[in-house]
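Q: next one to model:
(2 chains)
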Amino acid sequence: KNEVEQSPQNLTAQEGEFITINCSYSVGISALHWLQQHPGGGIVSLFMLSSGKKKHGRLIATINIQEKHSSLHITASHPRDSAVYICAVAGNQFYFGTGTSLTVIP
Amino acid sequence: NAGVTQTPKFQVLKTGQSMTLQCAQDMNHNSMYWYRQDPGMGLRLIYYSASEGTTDKGEVPNGYNVSRLNKREFSLRLESAAPSQTSVYFCASSLSGANVLTFGAGSRLTVL
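A: Predicted structure coming up:
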């Protein structure tokens, strides 16, 4: 069983394109996190949100608690955005999606 | 501002050998975690420590032991390594349960 489902699994985009990554979850949560994992392997936290929308630079994260769904948007994508993006939900423990591998081509 | 430091970064073991992965955080976080990451699978929780002095099993604890030595340090021990334990291991910490996770750089373990 997968408590967290992400789509798409893989995504290739041209530089400048608007990108959307989706996350659906099936458990009760207190917060949802978006993480970024670069090819070197390190994982960093991008957002933690429990309602509404957050924006940081070209990244926007939204969450709909009633529909148990979140989206991560990247505006004006750049090759340096190439990474794996991981959705994680915090309930009684953390549950992680398998990640979306994004490649942005110059 | 080191954050979460885990060692070693790489290790190759033979089946049956033992080793300990070390993790330390300098952010005064209460909760610490050990995860493993395998291709095609999400991060899976091995053990966690909600606070100093407590440890609990996660999703995949078999073959591992942990020690929360103090508030800063949380170690993961493989007593008798098996090829199925070949993986990338991440230590993480958070102020408390649902808060932002800070990850270590990862430790790539190969068991032959």
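Q: next one: phi and psi at A:Pro79?
A: Backbone torsions of A:Pro79, given as degrees, to the nearest 10, read phi -50, psi -30.
Q: lowest-pLDDT helix or strand in chain A?
A: Lowest on mean pLDDT, DSSP states H and E among the helices and strands of chain A sits strand A:94-96, with a mean of 89.
Q: now do that one: everything it contacts.
A: For strand A:94-96, contacts defined as C-beta atoms under 8 Å, 6 or more residues apart in numbering or on different chains pick out A:3-4, A:25, A:27, A:33, A:86-89, B:33, B:42-45, B:101. Quick note: C-beta positions are derived from backbone N, CA and C, even for glycine.
Q: so which bits of chain B are right by chain A?
A: Listed as neighbours of chain A in chain B under the rule C-beta under 8 Å from any C-beta of the partner chain: B:33, B:40-45, B:48, B:58, B:88, B:90, B:92, B:97-103, B:105-106, B:108.
Q: near chain B, which residues of chain A?
A: With the criterion set to C-beta under 8 Å from any C-beta, chain A comes near chain B through A:4, A:30-31, A:33, A:35, A:41-45, A:48, A:86, A:88, A:90, A:93-99.
Q: quick one: which of those residues sit in strands?
A: Counted as lying in strands by DSSP state E, out of the residues of chain A next to chain B, are A:4, A:31, A:33, A:35, A:43-45, A:48, A:86, A:88, A:90, A:94-96.
Q: got those as CSV, with neighbour count and distance to A:Ser71 columns?
A: Converted to CSV, these look like this (neighbours: other C-beta atoms under 10 Å in any protein chain shown; distance: C-beta to C-beta, whole Å):
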residue, neighbour count, distance to A:Ser71
A:Val4, 23, 14
A:Ala31, 19, 16
A:His33, 25, 14
A:Leu35, 24, 15
A:Ile43, 23, 20
A:Val44, 13, 19
A:Ser45, 18, 17
A:Met48, 19, 15
A:Ile86, 26, 14
A:Ala88, 23, 15
A:Ala90, 21, 18
A:Phe94, 25, 19
A:Tyr95, 22, 18
A:Phe96, 22, 17
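Q: turn those into a markdown table, columns for distance to B:Lys71.
A: Formatted as a markdown table, these follow (distance: C-beta to C-beta, whole Å):
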| residue | distance to B:Lys71 |
| --- | --- |
| A:Val4 | 29 |
| A:Ala31 | 23 |
| A:His33 | 23 |
| A:Leu35 | 24 |
| A:Ile43 | 22 |
| A:Val44 | 23 |
| A:Ser45 | 21 |
| A:Met48 | 22 |
| A:Ile86 | 27 |
| A:Ala88 | 24 |
| A:Ala90 | 21 |
| A:Phe94 | 20 |
| A:Tyr95 | 26 |
| A:Phe96 | 25 |
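Q: distance from the helix or strand that comes right after the least confident helix or strand of chain A to the middle of the chain?
A: Downstream of strand A:94-96, the first helix or strand assigned by DSSP states H and E is strand A:100-105. How far strand A:100-105 lies from its chain's middle: 12 Å, per C-alpha atoms, centre = their mean, to the nearest Å.
Q: buried residues, strand A:100-105. List them.
A: A:Thr100, A:Ser101, A:Leu102, A:Val104 (16 or more other C-beta atoms under 10 Å in any protein chain shown).
Q: secondary structure element holding the residue nearest to the spatial centre of chain B?
A: Nearest to the mean C-alpha position of chain B, counting by C-alpha atoms, centre = their mean, stands B:Trp34 at 2.9 Å. For B:Trp34, the enclosing helix or strand under DSSP H and E is strand B:31-37.
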